[in-house]
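Novice: Predicted coordinates and the sequence they were generated for:
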Amino acid sequence: MLAVYAQHPSSDDPLGTLRFGDRPAASAPDDSWTVVTVRAAGLNHHDLWTLRGAGLPADRYPMILGGEASGIDEEGNEVIVGTIIAAPHWSHEPVRDPAHTLLSEGAPGTFAERVAVPRHVLAPKPAEFTHAEAACVTGTWLTAYRMLFTKSGLAPGDTVLIQGAGGGVSTALIRLARTAGFRVWVTSRSAEKRAAAKRLGAHAA
């Protein structure tokens with residue numbers, strides 16, 4: 001199958017190790033896994049780290065990049081692919097699984113025609129989302145959601161400061177916070193990014 005992958009790690013020339021070509025077909029190791037036909041995949045900074053060799057032993061290369069995706073499962077359902085691979089009993093909070101890993105680390109990633117994943121990391125794709133929109137949910141938007149609604153302790157009407165306006169998680173935080181009724185302040189060294197944040201609904205930048 002065709003895939004985008006890192007041939008080997010390179011801290012000096014990360015893009016020089018980027019390849020597009022044939023890789024072994026995705027296959028499920030057992031019945032608890034399935035193969036998803038990828039319709040869209042999300043780009044994450046983690047992919048650059050993989051190209052640089054951060055967090056992945058040299059003997060794991062070549063490695064297909066990508067940790068986020070949306071596609072069609074083997075039963076024909078439209079699904080969102082979860083980024084974190086953890087044991088099923090950690091599904092409620094996969095990062096707490098001591099043995100958790102990520103797609104493109106413990107298993108080949110989503111920048112391919114097909115990707116093999118544990119069945120329990122799949123979620124139905126809402127009909128309102130395009131595949132491109134759904135492919136960006138699991139990394140950026142769930143991170144922002146957890147920060148804002150699980151960890152912050154804030155309530156609608158409170159003020160939240162979002163630093164580094166313009167980044168993926170920051171953009172998601174602005175949209176979620178405004179929708180939830182927070183007062184949103186943002187910071188950025190870029191006047192253009194501060195203006196963009198205000199267009200998204202930030203009250204002060």
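Specialist: Yep, that arrived.
Novice: Nearest residue to the middle of the protein?
Specialist: Central residue of the chain (CA atoms, centre = their mean): residue 139, 2.8 Å from the mean position.
Novice: residues in contact with it?
Specialist: By CB atoms under 8 Å, 6 or more residues apart in numbering, residue 139 lies in contact with 42, 44, 46, 67, 68, 83, 168. Backbone N, C-alpha and C define where each C-beta goes, glycine included.
Novice: Can you pull the phi and psi angles for it?
Specialist: Residue 139 adopts backbone torsions of phi -90, psi -70, taken as degrees, to the nearest 10.
Novice: which stretch of helix or strand covers the residue lying farthest from the centre of the chain?
Specialist: Centroid-distance maximum for the chain: residue 157 at 29.0 Å, with CA atoms, centre = their mean. Of the helices and strands defined by DSSP states H and E, none includes residue 157.
Novice: What distance do you get for the nearest residue to it once chain neighbours are set aside to residue 51?
Specialist: Spatial nearest neighbour of residue 157, chain neighbours left out: residue 181 (6.2 Å); criterion: CB to CB, 6 or more residues apart in numbering. Taking CB to CB, to the nearest Å as the measure, residue 181 falls 40 Å from residue 51.
Novice: So for the two, which sits in the more crowded spot?
Specialist: residue 51 (25 against 10; other CB atoms under 10 Å).
Novice: Surely the more buried one and residue 18 touch.
Specialist: Yes. Judged on CB atoms under 8 Å, residue 51 makes contact with residue 18 at a distance of 6.3 Å.
Novice: Pull up the overlap in contacts between these two.
Specialist: Each of residue 6 lies in contact with both residue 51 and residue 18 under the rule CB under 8 Å, 6+ apart.
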